[in-house]
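[1] fold the stuff below for me.
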Amino acid sequence: MKIIETGIRDLVEIEPTVFGDHRGYFFESYNQATFHEAGIKAQFVQDNQSLSSRGVLRGLHFQNPPYAQGKLVRVITGAVLDIALDIRKGSPTYGQHHKVLLSSENKKMFWLPPGFAHGFLTLEDNTIFSYKCTNLYNKESEGAVLWNDPDLKIDWEIEDPKLSEKDLKAPNFTALQSEFYYG
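    Sure thing, here's the model as predicted:
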């Protein structure tokens, strides 16, 4: 397994070692010892999975403390453009984002610790997106940032995505009263 630093502290891309032959392939999508050696000492308590058609944008979402979630995300079928936005007060990269292509073809994973807003855009029909979470879902702690806030300069590579009502009404980044702290 290869851990790839992103330029934003604590946020990493993960390339699994894939063993393939004429029958198909095999790879470890999670190995606690390997992740711990890489500094990812998360304890996962909930797995989520979504199915989306091409052009669906979900995000930018997070849960506030004490229900904050770290997420290990990957694509089972299809492809997404995945975005992590640093919302940790005091972080030298506060308000900056990292973008990565996750697909069933490249089998990459993405680790987002608590303190990041997360979103993704599906690039193919029937995309199945999976994420392991370090905390349970808690509706009262939900937060969001407007996906197309011009101050964030996120190039989603789409003009008219399919959005939920919640994502259409999310506040701009400048209105965010982040409860996350760097360090």
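
[2] buried residues of the longest helix along the chain, list them for me.
    For the chain, the helix reaching the highest residue count under DSSP state H is reported as helix 32-37. By neighbour count with 16 or more other C-beta atoms under 10 Å, helix 32-37 contains the buried residues Phe35. Where you see a C-beta, it was placed from the backbone N, CA and C, and this is true even at glycine.

[3] heading C-terminal from that helix, find the next helix or strand.
    The helix or strand immediately downstream of helix 32-37 is strand 46-52, counting by DSSP states H and E.

[4] quick one: strands adjacent to that following strand?
    Paired neighbours of strand 46-52 in the sheet (DSSP bridges): strand 127-133 (antiparallel).

[5] what about the strand it pairs with, average pLDDT?
    Computed over strand 127-133, the mean pLDDT rounds to 97.

[6] give me the residues contacting it.
    30, 44-54, 56, 69-80, 120, 122 (C-beta atoms under 8 Å, 6 or more residues apart in numbering).

[7] ok, back up a step: got a list of contacts for the longest helix of the chain?
    Met1, Glu28, Lys41, Ala42.

[8] tell me the bridge partners for the one residue sitting closest to the centre of the chain.
    If you average the C-alpha coordinates of the chain and look for the closest C-alpha using C-alpha atoms, centre = their mean, you land on His118, 4.6 Å from that point. Note on His118: beta-bridge partners His61, Ala84, judged by DSSP bridges.
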